[in-house]
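K.L.:
quick one, fold the following:
(chains A and B)
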Amino acid sequence: MANSINRKIATTYFISGRKMTTVAIVGVLLGISIFIFMNSLSAGFDRQSSESFFKTTAHIRIYKDDVLSAPLQPENENSVLIVNPKVVPTKNTIENPNEILDLVRQNEDVVLAFPQVNTPVFYNNGESQIAGTTIGFPPMEGNQMYKIETFMVQGSIQNLELNRSGILIGSGIAERMNLNTGDNMNITSSKGVNLNLTVVGIFQTNNSKEDKTKSYVNVAVAQQLLREGNTYITDINVNVKDPNQAPDIAADLSKLTGYKAEDWIAANASYMAASRMRKIVITFISFTLLIVSCFGIYNILNMTVSQKINDIAILKAIGFNGKDVVRIFVYQALTIGMIGVALGVGFAMILVNILSHVYIGGDIGNFPIRFEPFVFLKGISIGFVITFLAGYVPARKAAKVDPVSIFRK
Amino acid sequence: MILEVKKIEKFFHDPVEFKVLNDISFGVKKGEFLTLVGKSGCGKSTLLYVLSTMDTDYKGELIIDGEHVSSYGQDKLAAIRNEKIGFIFQFHYLLADFTCLNNIMIPALKLGKLSKEEIEYKAMEKLRMLDMIDQALKPASKLSGGQQQRIAIARALINDPLIIMGDEPTGNLDSKNTQVVFEILQELAHEKGQTIIAVTHDNDFAKASDRTITMSDGRIV
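P.N.:
Sure, this is the predicted structure:
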């Protein structure tokens, strides 16, 4: 009852000062909508870049790292020793790959793990040769990780599973060598092994360098190209449930297996740094806008309090206490906040919707922005917090008004 | 005694130390119509603000309806003002954004003892008594000074307070309206048993009241 009269007074002031409150609402609207919009943009960029990473990179790659020779210890203090540490010549393979794979698969965060062998090759085209890389992996699991089927233009990934001497080639290679699905081709490895393989599919990413150099084969073919047996595995690729947890899981896997486990974030450190910088800039700009709109409400409520100082003195004389006065002005601020936030969310949805239909082209297609519920929730809650604070400060001032000093004037 | 003060002292500190109230002690009986008179600056308004509980910066004791309120905090004092004291100021002091009816209803809505319908009925009764019924739904800012003062009286009466305090309640009214306001106050004191304490410059008004306290230089003479 007592609260409802505070609300009634707040509503009356809200309506009688509608010009000023409209300005405050527009301030909140712009602040919140741009905040949500820019953060959606940031989230979209992140999603876009991690999606494009995961077309060629596993969340975690386990491999044998180079080992440096330990420096020699001088015999006594007087002797001087000059030594350059060198890479110890060992094989870059993972010992007992099947055991390691089983070990990795037992980790509950791991959703997918498979062996991979990469090797540089030449695609022979009569006299000329095209240098490139071939990747040996189990086709179905590889497809699950890299989503290869989404960029196949001829044939299919299943054919690679069925045809053990098949090869998937990039569209650039196919074009230069005039190859179609079903044709045979000859490749030479760095170890001098020559193999005839059947083209079972052609893929086209939006990265022309990859299309001109890359091919996929079964693991056994890659091992054959390197003159190695079926335990020769250079990499184990791992996908985890949450890519953002990859660094922690990588550390665990590294301890577990004794091999180097590198997460995608560490592998793309410079790109991640650039993306972090972009995020900081976006956050900075969007918070600046929020603070500006916050000052808008603060100013307007401050003005309302100054204008209503007589009313506040009367209210106190007839029995309203400090808390009631705070409530009256905070209600007013929150009403402004509620309307401003609601309109801001609507406006942000329109902006996101428009931009998501803008075609950019290339690797990206449409602008990488979409409705992000988490960002919207964040915007809404921040909106309420700042309107509350912007209202609370002037309301506290109003609560301290001494009615006697007003009546004596 | 509905209201009692004992040895009230008050200082103004700005611009120089100045004793504005000096050793004030008196009591007011229930249903009494009391007026405070004296020259400008003698401290009668200051005393009224102390009695009203709005001014808490004083020494001495203030007892309202048996409660020693001198030691009370602001929130408790606000509740006492709401329930037990009605105010009529010299310059009407209505809330300009509200209708007359709402102005009258606000203290009762704040008190929250009656339903909204009952309060509205009561407010209309007060308006009828003051012959203001046709102004009920007008915004307070659209009324003349005399009309506004009558609305302020209705607001002071809405919670049936024990004490009604007026700071020159007829100060800016013509003689006809002064007569009307005086008669209403007298009726409240004598027929409904409400206590009236009013500061006034108007000697006729003071003479017609039950008791007059004259002040000079912060003392009762």
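
K.L.:
what about the residue in chain B that chain A sits nearest to, how many neighbours?
P.N.:
Nearest to chain A in chain B, going by C-beta to the nearest C-beta, is residue B:82, at a distance of 2.3 Å. From N, CA and C alone the C-beta is placed, and that goes for glycine too. Using other C-beta atoms under 10 Å in any protein chain shown, residue B:82 has 22 neighbouring residues.

K.L.:
wait, doesn't it sit right on residue B:109?
P.N.:
No. The pair residue B:82 / residue B:109 is not scored as a contact, 10.4 Å apart, by C-beta atoms under 8 Å.

K.L.:
ok, then the element right after the longest helix anywhere in chain B?
P.N.:
In chain B, assigned by DSSP state H, the helix with the most residues is helix B:175-191. Using DSSP states H and E, the helix or strand that follows helix B:175-191 in sequence is strand B:195-199.

K.L.:
all helices of chain B, in order?
P.N.:
B:44-51, B:74-84, B:100-111, B:116-129, B:145-157, B:175-191, B:203-208.

K.L.:
in stretch B:102-115, what counts as buried?
P.N.:
B:102-111, B:114 (16 or more other C-beta atoms under 10 Å in any protein chain shown).

K.L.:
which pair of these spans the longest distance?
P.N.:
In these, two members sit farther apart than any others by C-beta to C-beta. They are B:103 and B:114, at 16.9 Å.

K.L.:
phi first, then psi, for residue A:152.
P.N.:
phi -80, psi 140 (degrees, to the nearest 10).

K.L.:
sorry, wrong one. I was asking about residue B:162.
P.N.:
Torsion angles, degrees, to the nearest 10, at residue B:162: phi -70, psi -40.

K.L.:
report the contact partners of the closest residue to it other than its chain neighbours.
P.N.:
Residue nearest to residue B:162 in three dimensions, not counting chain neighbours: residue B:84, with 4.8 Å by C-beta to C-beta, 6 or more residues apart in numbering or on different chains. Listed by C-beta atoms under 8 Å, 6 or more residues apart in numbering or on different chains, the contact set of residue B:84 reads B:64-65, B:161-163.

K.L.:
and those residues as CSV, adding pLDDT and neighbour count?
P.N.:
Converted to CSV, these look like this (pLDDT from 0 to 100; neighbours: other C-beta atoms under 10 Å in any protein chain shown):
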residue, pLDDT, neighbour count
B:64, 86, 25
B:65, 87, 17
B:161, 89, 22
B:162, 89, 19
B:163, 90, 23
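
K.L.:
near chain A, which residues of chain B are found?
P.N.:
B:45, B:49, B:52, B:54-55, B:74-75, B:78-83, B:87, B:89, B:93-98, B:102, B:106-107, B:109-112, B:155, B:167 (C-beta under 8 Å from any C-beta of the partner chain).

K.L.:
now, of those, which are buried?
P.N.:
Applying 16+ other C-beta under 10 Å to those flags B:45, B:49, B:52, B:54-55, B:78-83, B:87, B:89, B:93-95, B:97-98, B:102, B:106-107, B:109-111, B:155, B:167 as buried.

K.L.:
list the contacts for residue 67?
P.N.:
This is for chain A. Counted by C-beta under 8 Å, 6+ apart, residue A:67 has contacts A:87-88, A:90.

K.L.:
chain B, not that one
P.N.:
residue B:80.

K.L.:
and it, what pLDDT?
P.N.:
Residue B:67 is assigned a pLDDT of 85 by the prediction.

K.L.:
what about it, distance to residue B:217?
P.N.:
Distance from residue B:67 to residue B:217, counting by C-beta to C-beta, to the nearest Å: 30 Å.

K.L.:
for the residue most central in space within chain B, give me its contacts.
P.N.:
Nearest to the mean C-alpha position of chain B, by C-alpha atoms, centre = their mean, lies residue B:165 at 1.8 Å. Residue B:165 makes contacts with B:48, B:51-52, B:85-88, B:196-198, as judged by C-beta under 8 Å, 6+ apart.

K.L.:
residues in a beta bridge with it, which ones?
P.N.:
Following DSSP bridges, residue B:165 is listed with bridge partners residue B:87, residue B:197.

K.L.:
what pLDDT does it get?
P.N.:
90.

K.L.:
low pLDDT regions in chain B?
P.N.:
B:92 (pLDDT under 70).

K.L.:
how about the stretch 251-400 of chain A?
P.N.:
Those would be A:362-364, if you go by pLDDT under 70 across the stretch 251-400 of chain A.

K.L.:
what about 80?
P.N.:
Low-confidence segments of the stretch 251-400 of chain A (pLDDT under 80): A:361-365.

K.L.:
how about the residues of it by chain B?
P.N.:
Checking the stretch 251-400 of chain A against chain B by C-beta under 8 Å from any C-beta, the hits are A:310-311, A:313-324.

K.L.:
swap the cut-off to 10 Å and go again
P.N.:
A:308, A:310-311, A:313-325, A:399 (C-beta under 10 Å from any C-beta of the partner chain).

K.L.:
restricted to helices, list those.
P.N.:
Going by DSSP H, the helices hold A:310-311, A:313-317, A:322-325, A:399 from those.

K.L.:
helices and strands around the strand or helix carrying residue A:15, which ones?
P.N.:
In this structure, residue A:15 sits in helix A:2-16 according to DSSP H and E. Secondary-structure packing of helix A:2-16 (3 or more C-beta pairs under 10 Å, 6 or more residues apart in numbering or on different chains; DSSP states H and E): helix A:18-53, helix A:269-307, helix A:309-317, helix A:322-356, helix B:100-111.

K.L.:
and it, how far from the chain's centre?
P.N.:
45 Å (C-alpha atoms, centre = their mean, to the nearest Å).

K.L.:
for it, buried residues please.
P.N.:
By neighbour count with 16+ other C-beta under 10 Å, helix A:2-16 contains the buried residues A:5-6, A:8-10, A:12-14, A:16.

K.L.:
state the mean pLDDT of it.
P.N.:
82.

K.L.:
export it as CSV, just CAs?
P.N.:
The C-alpha coordinates for helix A:2-16 follow below in CSV (Å, rounded to 0.1, in the frame of the first residue of the first chain):
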residue,chain,number,x,y,z
ALA,A,2,2.7,2.5,1.1
ASN,A,3,4.8,1.3,-1.8
SER,A,4,2.0,1.7,-4.3
ILE,A,5,1.7,5.4,-3.4
ASN,A,6,5.4,5.8,-4.0
ARG,A,7,4.9,4.2,-7.4
LYS,A,8,1.9,6.4,-8.1
ILE,A,9,3.9,9.5,-7.4
ALA,A,10,6.8,8.2,-9.5
THR,A,11,4.4,7.5,-12.4
THR,A,12,2.9,11.0,-12.1
TYR,A,13,6.3,12.6,-12.3
PHE,A,14,7.3,10.4,-15.1
ILE,A,15,4.3,11.5,-17.1
SER,A,16,4.4,15.2,-16.2
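
K.L.:
can you check what angle separates it from helix A:322-356?
P.N.:
Between the axes of helix A:2-16 and helix A:322-356, defined by axes from the mean of the first three to the mean of the last three C-alpha atoms, to 10 degrees, the angle is 50 degrees.
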